[in-house]
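**Student:** Below is the sequence, then the predicted model.
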Amino acid sequence: MVSEKEKKILEFLERGILLSPELEGELDSLASPPTETPADLLLFDRESRGLLDEGVDWRAFDAAKALAEKDATSSQYARIVEHAKRHELREKPGVKVLRSYTKKSKKGSYEDFVSHFNRRFRALASILRQRQELASATAIGRLPQRGERARVSVIGMVKKKSTTKSNNTIITIEDQTGEVVVLIRADRREVAAIGRDIVLDEVLGVSGTLGDRILFADELFLPEVPLTHELKKGLEEEYVAVIGDPQIGSKEFLSKDFAKLLAWFNCQLGNEEQRRVAAKVKYLVVAGDLVEGVGVYPGQEEDLTIKDIKEQYVAFTRYLQQIPKHIQILVIPGNHDAGRMAEPQPPIYRDFAPDLYEMENVTMLSNPCLVNIGAKPGFTGFDMLLYHGYSLIYYSDNVPSIRERGGQKRAELIMKFLLQRRHLAPTHGSNLYMPDPEEDPLTIDRVPDIFITGHIHRVASATYRGVTLLNASTWGDITADQERRGLEPQPARLPLINLQTRDVKVINFYSGKGKGFLAPGETLEQSAQLNEGAS
């Protein structure tokens, strides 16, 4: 009798396609066979599975793969794979895509989670070991061999955390060899401040003295942004404009204010200085939640003016088509957009927004992603990390120092916190995510020059160790529910980053209900400089 697995293998063979042995444990999650599988594909493995939508020349792909197996120095295979991954990411003038996640969803297993967290641990531990104090960190499993009162340094992932009656912090950290309890004393003020903000699953370094089955912490080390990270400045005056959460299709969408924004981009609105700046905008970032979506929450249909999600994208595309063609537009999805909510989110599906993909000045990217902009002869440009920001609310509520200083109103503090941990969502449960056994795409292994988020509907900016932090506004009006919950969104603001000076300015386009927490006297004709630090 033929088993279900054997039936599936035979179905692939009938199409002339061999299944790689590495997929044996994943047959249940495969289509039978995938209807989009190209006829030219000879061997179906994990890598080709992730490239099905990328327009690959499969004959060249298989030939290059065979060559690579014979000759380890062959780079042809790597070039073809890289080319395939950039199929929908054809590089536009001044834009180089460094990282955009395109792997397809699949059913996750227990082993996937284990591999995912091991990959994360190794990546962050490698960053920590660059510090002199942790270069020779001891594996936790070997600590009993060192004996009491020994001075040791270890690197671990936080498994547990608690606070004693005397306000000492106790954490349990683990690596791949074991775990140890760490005591962080309240009377060591600098160390205690770091310990108070520790969250589960973050990776950190500890230096201290061994006791009886306990480590007394003298110093704590975060993966952090190096102090040597340079505050880069461009060679000429150019601007990055940032739009967050347009949420087209909602009854709260500020269509009149958005029309003003489009007029400003076309130098048809604003004072002389603002029109001069508009002419120098070279890049526009749309930081997710392009549309309001359908079925995002119960009863949402009552809040929509456009009830079909594809029509929502049509309306959004029509707005973008009014922006001057010399402006390069970078688009990432958010939790309201079509596609999976689990991060990393691949670029918005072409089927839902085909006209967006046809725009020559639009680059469709994943959430999160990393791009380089503004490179010129003699200047390497700026690395820009884009993240919609689903995890931000969790940390605004669960990190004491952020919660006590304003929570969601202080997005720049949340962004600083994530940069210090070198991860966009260190705690399991702070976001929805897909466990990738080959990498953790939310790890910040490369320090950006600019870090942009959205999601919480407020403008905030700061500079931290050479990194410009910017959280974007929204283009939906303030709702009664937001007011009841004490939230203070700042709709219809346009932040602008001057790449020559790295200053951030904000133009206020809001003319909605006459509130919206404006600064005294703030109007469309004024640009407000954000000087608030993230210290």
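**Tutor:** Nice, thanks for sending it over.

**Student:** tell me the contacts of the nearest residue in space to residue 117 that is not next to it in sequence?
**Tutor:** With Cβ to Cβ, 6 or more residues apart in numbering as the criterion, residue 117 has its nearest non-adjacent residue at 7.3 Å, and that residue is residue 157. Quick note: C-beta positions are derived from backbone N, CA and C, even for glycine. Contact partners of residue 157, counting by Cβ atoms under 8 Å, 6 or more residues apart in numbering, are 117, 121, 173, 174, 175, 201, 202, 203.

**Student:** Show only the entries of the residues you listed found in helices.
**Tutor:** Applying DSSP state H to the contacts of residue 157, the entries found in helices are 117, 121.

**Student:** returning to what we had before: buried ones in the helix or strand containing the residue nearest to residue 117?
**Tutor:** Following DSSP states H and E, the helix or strand that holds residue 157 is strand 151-163. Going by neighbour count (16 or more other Cβ atoms under 10 Å), the buried part of strand 151-163 is 152, 153, 154, 155, 156, 157, 158, 161.

**Student:** Repeat that for stretch 244-253.
**Tutor:** Within stretch 244-253, the residues that qualify as buried are 244, 245, 246, 247, 248, 249, 250, 252, 253, counting by 16+ other Cβ under 10 Å.

**Student:** can you tell me which two in the residues you listed are farthest apart?
**Tutor:** 244 and 249 (16.1 Å; Cβ to Cβ).

**Student:** before we move on, back to that, can you redo the buried residues of strand 151-163 as a markdown table with pLDDT and distance to residue 434?
**Tutor:** Shown next, in a markdown table, are the buried residues of strand 151-163 (pLDDT from 0 to 100; distance: Cβ to Cβ, whole Å):
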| residue | pLDDT | distance to residue 434 |
| --- | --- | --- |
| 152 | 96 | 36 |
| 153 | 97 | 33 |
| 154 | 97 | 30 |
| 155 | 98 | 26 |
| 156 | 97 | 25 |
| 157 | 98 | 19 |
| 158 | 98 | 22 |
| 161 | 97 | 26 |
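
**Student:** Now flag whichever of those residues is closest to residue 141.
**Tutor:** Residue 141 has its nearest neighbour among these in residue 154, at 10.1 Å by Cβ to Cβ.

**Student:** Check the contact between the closest one and residue 174; I expect there is one.
**Tutor:** No - under the criterion of Cβ atoms under 8 Å, residue 154 is not in contact with residue 174, lying 10.0 Å apart.

**Student:** tell me, what's touching those two both at once?
**Tutor:** Residues touching both residue 154 and residue 174 (Cβ under 8 Å, 6+ apart) are 140, 180.

**Student:** Using PDB, write down the CA coordinates of the helix or strand that contains residue 119.
**Tutor:** When elements are defined using DSSP H and E, residue 119 is found to belong to helix 110-128. Included here for helix 110-128 are C-alpha records, laid out as PDB according to Å, rounded to 0.1, in the frame of the first residue of the first chain:
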ATOM      1  CA  TYR A 110       9.500  22.500  17.600                       C
ATOM      2  CA  GLU A 111      12.900  22.100  15.900                       C
ATOM      3  CA  ASP A 112      12.400  25.300  13.900                       C
ATOM      4  CA  PHE A 113      12.000  27.300  17.200                       C
ATOM      5  CA  VAL A 114      15.100  25.700  18.700                       C
ATOM      6  CA  SER A 115      17.200  26.400  15.600                       C
ATOM      7  CA  HIS A 116      15.800  29.900  15.400                       C
ATOM      8  CA  PHE A 117      16.800  30.800  19.000                       C
ATOM      9  CA  ASN A 118      20.100  29.100  18.600                       C
ATOM     10  CA  ARG A 119      20.900  31.200  15.500                       C
ATOM     11  CA  ARG A 120      19.800  34.400  17.400                       C
ATOM     12  CA  PHE A 121      21.900  33.500  20.400                       C
ATOM     13  CA  ARG A 122      25.000  32.900  18.300                       C
ATOM     14  CA  ALA A 123      24.600  36.100  16.300                       C
ATOM     15  CA  LEU A 124      24.200  38.300  19.400                       C
ATOM     16  CA  ALA A 125      26.900  36.400  21.400                       C
ATOM     17  CA  SER A 126      29.300  37.100  18.500                       C
ATOM     18  CA  ILE A 127      28.500  40.800  18.900                       C
ATOM     19  CA  LEU A 128      29.100  40.700  22.600                       C
END
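
**Student:** ok, which stretches of the stretch 151-300 of the chain are helices?
**Tutor:** Secondary structure of the stretch 151-300 of the chain, counting by DSSP state H, counting those that start in this stretch: helices at 189-196, 255-265, 272-278.

**Student:** So what touches the longest one?
**Tutor:** Just to be clear, that refers to helix 255-265. For helix 255-265, contacts defined as Cβ under 8 Å, 6+ apart pick out 241, 243, 246, 269-270, 274-275, 278, 281, 284, 319, 322-324, 327, 475, 491-492, 494, 507, 509-512, 524.

**Student:** I'd like the distance between the residue nearest to residue 117 and residue 423.
**Tutor:** Remark: distance between residue 157 and residue 423 (Cβ to Cβ, to the nearest Å) = 11 Å.

**Student:** Name the residues contacting each of the two.
**Tutor:** With the criterion set as Cβ under 8 Å, 6+ apart, the overlap between the contacts of residue 157 and residue 423 is 202, 203.

**Student:** Is it correct that residue 326 is in contact with residue 283?
**Tutor:** No - the criterion here is Cβ under 8 Å, and residue 326 misses it with residue 283 at 10.3 Å.

**Student:** Could you check which of these two has the larger neighbour count?
**Tutor:** Set side by side, residue 326 and residue 283 give different neighbour counts by other Cβ atoms under 10 Å, the larger being at residue 283 (23 against 11).

**Student:** Grab the nearest non-local neighbour of that one.
**Tutor:** Closest residue in space to residue 283, ignoring its immediate chain neighbours: residue 240 at 4.5 Å, by Cβ to Cβ, 6+ apart.

**Student:** ok, what's across the strand from that neighbour?
**Tutor:** residue 283, residue 497 (DSSP bridges).
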